[in-house]
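**Q** dropping the sequence and predicted coords here.
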Amino acid sequence: MKIYIYLLIFTINIFANVTEFEEYISKEIADKTPPSVSFAILKGDKIVYTKSMGYNDANMSQKTTTQSVYHVYSLTKILASTLVMQLIEERQIGLNDSIKKYFPNFDLRYDGKEVDITILNLLNHSSGIGDRSSEVKDMMGSQKSDSYLELPYMPGSEAKYSNAEYIILSKVIEQVTNRRFDELIKEYILEPTEMRRSDFTYNKSMAKEQVYGTIQFFSLAGTVMRFMIEDEDQDFYEGCMLWLKEFDIEWQAAGGLVSSIEDMAKFLSAYHGNRLFSKETKDIFINNKTVKVDSWMSSQEEVSFGIGWYHIHDKGKFFYQHQGLGPGFRTIMRIYPELDTSIIILTSQTSIDIDDWADRLIENIITEGKNEKKSI
């Protein structure tokens, strides 16, 4: 009974006191930086607060709701790594399996000598395979290839973020199960968690709740993303902002999911509640040894990669994190284990300082947590 009372008090306090964060969002939305925002707060595996603000489209004809659908981009990798861990639990895949078990033609070398990588190396971005490694496609073929890939470091010695690693993981999954990656995500994750507003394409049921992405120029991210989006996916300019049309992402496992804040909160709730795999599997997921990331470009103090998640120490706090960034959208998920609290933020613009937004939101929550203890 005490747990429910505590949760009720926490929920009431959150409802009353995220107003500072919402006021900040309101000002940004007024300038269309971004036009649309949705966020969620979880306490343990309980969804205690969801909120959506702004408009889905340039005409402001459709208000954003908690069922509005965004590209979540690389937050997809957390679902992909969850699927891998589910298959490991079923003993269909081994965490320390060599990639050659699935693709015998993989020829990887470091300092001129042949080396091997494992499923774990792909999950924690420590394989050394980069996004521009064109040789990988040939090595995954059934025919013996003359291609080989010289790696920049010994696998497992450091971590560098790469979409290619998760694309390779999806091909391993498809080979093992003889099924498509998107079908398995639906069966293993979307359907059990009742994530009905999530898919790898904007299906008909999402048409009225689709969020359209925007790219704001005069920012580093905006300039880069402008050259990543195809001409046919661009809609029109509104001042210095480019509105995008509906589009899908081909590289599903690396960042192809579209979803709502309501659905992403359902996923994180099931993840925390051990409803997707056993507690033992989750312990491996969360507590497996991490690999340090060269974070010279990051303002955060200490960054390493575990299975799926970044492990971050910053401003006296420890949290697990993943971001999503691509044309038109920027997103983030964070888990604060010491606070037993998680947050998710989805936005419809590329150039958002999403780390700052997440910092602002958690500071509101921490402040209310202190007030809550005083009131009990």
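**A** Looks like it arrived, so ask away. None of the values given here were measured: they were computed from a predicted structure.

**Q** show residues contacting stretch 355-367.
**A** Applying Cβ atoms under 8 Å, 6 or more residues apart in numbering, the contact partners of stretch 355-367 are 14, 17-18, 20-21, 24, 39, 41, 299-300, 315, 317, 321, 323, 332, 334, 336, 339, 341, 343, 345, 347. The way it works is simple: take the backbone N, C-alpha and C, and place the C-beta from them, glycine included.

**Q** just the buried ones from the residues you listed?
**A** 14, 17-18, 21, 24, 39, 41, 317, 321, 323, 332, 334, 336, 341, 343, 345, 347 (16 or more other Cβ atoms under 10 Å).

**Q** filter those residues down to the ones in strands?
**A** 39, 41, 317, 321, 323, 332, 334, 336, 341, 343, 345, 347 (DSSP state E).

**Q** what about residue 73, distance to residue 269?
**A** Distance, residue 73 to residue 269, by Cβ to Cβ, to the nearest Å: 21 Å.

**Q** please apply the same query to residue 206.
**A** Counting by Cβ to Cβ, the gap from residue 206 to residue 269 is 21 Å.

**Q** settle it for me: which of those two has more neighbours?
**A** residue 206 (21 against 18; other Cβ atoms under 10 Å).

**Q** per-residue pLDDT, that one?
**A** Residue 206 is assigned a predicted lDDT (pLDDT) of 88.

**Q** do residue 75 as well
**A** What the model reports for residue 75 is a pLDDT of 98.

**Q** one more: the one 3 residues further on?
**A** The confidence metric pLDDT takes the value 98 at residue 78.

**Q** element containing it, please.
**A** Using DSSP states H and E, residue 78 maps to helix 76-89.

**Q** chain center to that helix, what's the gap?
**A** 13 Å (Cα atoms, centre = their mean, to the nearest Å).

**Q** for that helix, C-alpha coordinates in CSV please.
**A** Below are the C-alpha coordinates for helix 76-89, written out as CSV (Å, rounded to 0.1, in the frame of the first residue of the first chain):
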residue,chain,number,x,y,z
THR,A,76,15.3,2.1,-32.6
LYS,A,77,18.7,0.6,-31.6
ILE,A,78,17.4,0.0,-28.0
LEU,A,79,14.5,-2.1,-29.5
ALA,A,80,17.0,-3.9,-31.8
SER,A,81,19.3,-4.7,-28.9
THR,A,82,16.3,-5.9,-26.9
LEU,A,83,15.4,-8.3,-29.7
VAL,A,84,19.0,-9.6,-29.8
MET,A,85,18.9,-10.2,-26.0
GLN,A,86,15.5,-12.0,-26.3
LEU,A,87,17.0,-14.3,-29.0
ILE,A,88,20.1,-14.9,-26.7
GLU,A,89,17.7,-15.8,-23.9
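
**Q** what comes up buried for it?
**A** Within helix 76-89, the residues scored as buried using 16+ other Cβ under 10 Å are 76-89.

**Q** so who does the spatially most central residue of the chain touch?
**A** Geometric centre of the chain, nearest residue: residue 75, 1.3 Å, by Cα atoms, centre = their mean. The neighbours of residue 75, taking Cβ under 8 Å, 6+ apart as the test, are 255, 257, 259, 264, 322-324, 331-333.

**Q** which strand residues bridge residue 304?
**A** Residue 304 has the following beta-bridge partners by DSSP bridges: residue 292, residue 311.

**Q** isn't it right up against residue 291?
**A** Yes - Residue 304 is within contact range of residue 291, at 6.0 Å (criterion: Cβ atoms under 8 Å).
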